[in-house]
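Student: Have a look; sequence and predicted model below, questions after that.
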Amino acid sequence: MKGFENFIGFNPWTALFTLLNMVITFLILKKFLFKPVNKMIDDRQKEIDDLYTDAEQSKQQAELLKADYDNRLQQAKTTSYEIIQTARHEAYRQSEEIVEKAHTEAEAIREKAELDIELEKKKAYNEIKDDISQLAMDIAEKVVERKLDDADQDRLFEEFLRNMGDHV
């Protein structure tokens, strides 16, 4: 076997020292390399987990803010609709008042115009009556060829008007 050991180069003491050296190296690496690396990995994992937690909280807060924004937007729309409706009703009410006032003023103008027309008719009638009475007096004076006193004038005038009323 010595030949085989020389050929392969296997020495049990070297193998034992190599194995022992490897165990010692493993323990040293475990103490000084694996523990700090594992601690660093754990710390990094905790930091990532915290970031995910913060991100989830931020997402929830953003959703709450969005819901609040949507609610306020809906309230603003409702309020603006109510304001518009109120303005429309107020405008309609004012237009109705304006139309009613215009109708009232038009009616007052029409009534005043009717009164003015009636007064003008009476005035024209009185002027025609005076002209006719004067004309009748002039004719009567010519027919009678004398001057009539006031009582005769009134009597003749009243008689003329009665006769004229029967013909009109």
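Tutor: It's in.

Student: helices or strands next to the longest helix along the chain in the packing?
Tutor: For the chain, the longest helix by residue count, based on DSSP state H, is helix 35-144. In terms of contacts (3 or more C-beta pairs under 8 Å, 6 or more residues apart in numbering; DSSP states H and E), helix 35-144 is packed against helix 150-167. From N, CA and C alone the C-beta is placed, and that goes for glycine too.

Student: Return the helix or strand in this protein with minimum mean pLDDT.
Tutor: helix 2-8 (a mean of 60; mean pLDDT, DSSP states H and E).

Student: how close does the residue nearest the centre of the chain sit to Tyr125?
Tutor: Geometric centre of the chain, nearest residue: Ile84, 3.2 Å, by C-alpha atoms, centre = their mean. From Ile84 across to Tyr125, the span is 60 Å (C-beta to C-beta, to the nearest Å).

Student: With Glu159 instead?
Tutor: From Glu159 over to Tyr125 the distance is 18 Å, taken as C-beta to C-beta.

Student: related to what we said a few turns ago, quick one: the residue nearest to the centre of the chain and Ala91, what's the gap?
Tutor: Taking C-beta to C-beta, one finds Ile84 at 10 Å from Ala91.

Student: For this structure, which residues score under the pLDDT cut-off?
Tutor: For the chain, applying pLDDT under 70 flags the ranges 1-10, 138, 140-148, 164-168.

Student: what about 50?
Tutor: Across the chain, residues meeting the criterion (pLDDT under 50) sit at 168.

Student: Burial check on Leu51, number of neighbours?
Tutor: By the criterion of other C-beta atoms under 10 Å, Leu51 has 10 neighbours.

Student: circling back: and the next helix or strand past the least confident helix or strand of the chain?
Tutor: On the C-terminal side of helix 2-8, the nearest following helix or strand under DSSP states H and E is helix 12-29.

Student: Can you show me the CA trace of that following helix as CSV?
Tutor: Provided in CSV are the C-alpha atoms of helix 12-29 (Å, rounded to 0.1, in the frame of the first residue of the first chain):
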residue,chain,number,x,y,z
PRO,A,12,-3.6,9.6,7.2
TRP,A,13,-1.8,12.1,9.4
THR,A,14,-1.9,14.7,6.8
ALA,A,15,-5.5,14.0,6.2
LEU,A,16,-6.2,14.3,9.9
PHE,A,17,-4.3,17.6,10.2
THR,A,18,-6.0,18.8,7.1
LEU,A,19,-9.4,17.9,8.5
LEU,A,20,-8.5,19.4,11.9
ASN,A,21,-7.2,22.6,10.1
MET,A,22,-10.5,22.7,8.1
VAL,A,23,-12.6,22.4,11.3
ILE,A,24,-10.6,25.2,13.0
THR,A,25,-10.9,27.3,9.9
PHE,A,26,-14.6,26.7,9.8
LEU,A,27,-15.0,27.6,13.5
ILE,A,28,-13.0,30.8,13.0
LEU,A,29,-15.0,31.7,9.9
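
Student: Much appreciated, bye for now.
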